[in-house]
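K.L.:
Compute the structure for the input listed below.
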Amino acid sequence: MTDKHFEQIGWIGFILIVSAYLLITIKFLDTVSAAYHSMNLAGALCMAVNARHEEARPLFWLNVVWSLIAVIGLMQID
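P.N.:
Numbering: from 1, shown residues only. So this is what the prediction gives:
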């Protein structure tokens, strides 16, 4: 993969995370919905891939933790 691909993956992650936040803010999604947590999980994983490639350790670990929180959220859905 090229640097451009990693950057595109990062932008996809950015869009997913910001969109998830927007959708709960405008009350289109609920914070306990699978869609919300799935968007956060996918977004954080994309951001982690980009951060790892860029050797941005704090951003990488932030997104690993963000992913784990999203997994916990998904596991709590009835």
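K.L.:
What is the neighbour count of residue 45?
P.N.:
If you count neighbours by other Cβ atoms under 10 Å, residue 45 ends up with 19. Using the backbone N, CA and C atoms, a C-beta is placed for each residue, glycine as well.
K.L.:
in which helix or strand would I find it?
P.N.:
In this assignment (DSSP states H and E), residue 45 forms part of helix 34-53.
K.L.:
next SSE after that helix?
P.N.:
Sequence order places helix 57-75 as the next helix or strand after helix 34-53, per DSSP H and E.
K.L.:
which other residues reach that next one?
P.N.:
13, 17, 32, 34, 36-38, 40-41, 44-45, 47-48, 51-52 (Cβ atoms under 8 Å, 6 or more residues apart in numbering).
K.L.:
Let's see that with 10 Å instead.
P.N.:
With Cβ atoms under 10 Å, 6 or more residues apart in numbering as the contact definition, helix 57-75 has outside contacts at 10, 13, 17, 20, 31-34, 36-54, 56.
K.L.:
So what's the model's average confidence on it?
P.N.:
Per-residue pLDDT over helix 57-75 has a mean of 98.
K.L.:
Pull out the buried residues from it.
P.N.:
59-60, 63-64, 66-67, 70, 73 (16 or more other Cβ atoms under 10 Å).
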